[in-house]
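K.L.:
Show me how the following folds:
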Amino acid sequence: MTPNPRPDTSASRPLRDFLTFRLARLTQALNAQATEVLDREGPIGLSDWRVLAIVAGGGAQSARDIVTQTGFDAAQVSRALRHLEDGGLVLTVRDSADRRMRPVRLTPRGQALYDRIVPIMQRRQEALLNALSEAEQAAIFGIVDKLQDAAAMREF
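P.N.:
Residues are numbered from 1 along each chain as shown. This is a model prediction of the structure:
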């Protein structure tokens, strides 16, 4: 008898067996872990940290770039940038050529905070990855990429 590679979907599946439920719980646990680290290391929230890290990495020149890279909605990015700017961590200045554009740059204080926290967050990532074998790491990244693509489906 050959095992069926696909689970039987005709029966009602308990919530604990929903992929989305399990991923949401994992996301909550990882976010709580990151928040605890950030609370210890610097006065910065998780969304603000993610925006600061994108800007520090040179991957974003504007709020629109940050929205694209993080997947956050525009209002969330706007709030994070406002917090970061109020805290003296980033500077946004209207572009003289295009008044709608507001390039985002780290301030020296923002760079110092980033430089202090990023090694800790990198060690955290290593600790998470070390829980998996190299084969499992490759598998999970491939699976996440496939699920990201599948999340675009709207017809079921």
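K.L.:
which residues of the protein fall in helices?
P.N.:
Counting by DSSP state H, one finds helices in the chain at the ranges 19-41, 46-56, 63-70, 74-86, 108-130, 134-150.
K.L.:
so of these, which one's packed in deepest?
P.N.:
When neighbours are counted by mean count of other CB atoms under 10 Å, the highest per-stretch mean among the helices of the chain falls to helix 46-56, a mean of 21. For the C-beta atoms, the positions are set from N, CA and C on the backbone; glycine is no exception.
K.L.:
so what secondary structure elements neighbour that helix?
P.N.:
Packed against helix 46-56, as judged by 3 or more CB pairs under 8 Å, 6 or more residues apart in numbering; DSSP states H and E, are the following elements: helix 19-41, helix 63-70, helix 74-86, strand 104-106, helix 108-130.
K.L.:
if I pick Asn130, what's in contact with it?
P.N.:
For Asn130, the set of contacting residues under the criterion of CB atoms under 8 Å, 6 or more residues apart in numbering is empty.
K.L.:
That one and Leu106, how far apart?
P.N.:
Shown here: Asn130 relative to Leu106, a distance of 30 Å by CB to CB, to the nearest Å.
K.L.:
follow-up on the earlier one: tell me which of the helices and strands packed on helix 46-56 sits nearest to Gln148.
P.N.:
For the helices and strands packed on helix 46-56, distance to Gln148 was read as CB to CB. The smallest value, 11.4 Å, belongs to helix 19-41.
K.L.:
The closest one versus helix 46-56: what angle between them?
P.N.:
Compare the direction of helix 19-41 with that of helix 46-56 by axes from the mean of the first three to the mean of the last three CA atoms, to 10 degrees and you get 80 degrees.
K.L.:
Could I have the CA atoms of helix 19-41 written out in PDB?
P.N.:
Coordinates of each C-alpha in helix 19-41 appear next as PDB, following Å, rounded to 0.1, in the frame of the first residue of the first chain:
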ATOM      1  CA  LEU A  19      -0.600  25.800   8.000                       C
ATOM      2  CA  THR A  20      -1.600  29.400   8.400                       C
ATOM      3  CA  PHE A  21      -2.300  28.900  12.100                       C
ATOM      4  CA  ARG A  22       1.000  27.200  12.700                       C
ATOM      5  CA  LEU A  23       2.900  29.900  10.800                       C
ATOM      6  CA  ALA A  24       1.100  32.700  12.600                       C
ATOM      7  CA  ARG A  25       2.000  31.100  16.000                       C
ATOM      8  CA  LEU A  26       5.600  30.800  14.900                       C
ATOM      9  CA  THR A  27       5.600  34.400  13.700                       C
ATOM     10  CA  GLN A  28       4.200  35.600  17.000                       C
ATOM     11  CA  ALA A  29       6.800  33.700  18.900                       C
ATOM     12  CA  LEU A  30       9.700  35.100  16.800                       C
ATOM     13  CA  ASN A  31       8.300  38.600  17.000                       C
ATOM     14  CA  ALA A  32       8.100  38.300  20.800                       C
ATOM     15  CA  GLN A  33      11.700  37.100  20.900                       C
ATOM     16  CA  ALA A  34      12.900  40.000  18.700                       C
ATOM     17  CA  THR A  35      10.800  42.500  20.600                       C
ATOM     18  CA  GLU A  36      12.500  41.400  23.900                       C
ATOM     19  CA  VAL A  37      15.900  41.800  22.300                       C
ATOM     20  CA  LEU A  38      15.100  45.200  21.000                       C
ATOM     21  CA  ASP A  39      13.600  46.300  24.400                       C
ATOM     22  CA  ARG A  40      16.900  45.300  26.000                       C
ATOM     23  CA  GLU A  41      19.200  46.900  23.500                       C
END
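K.L.:
Fine, thanks again, bye for now.
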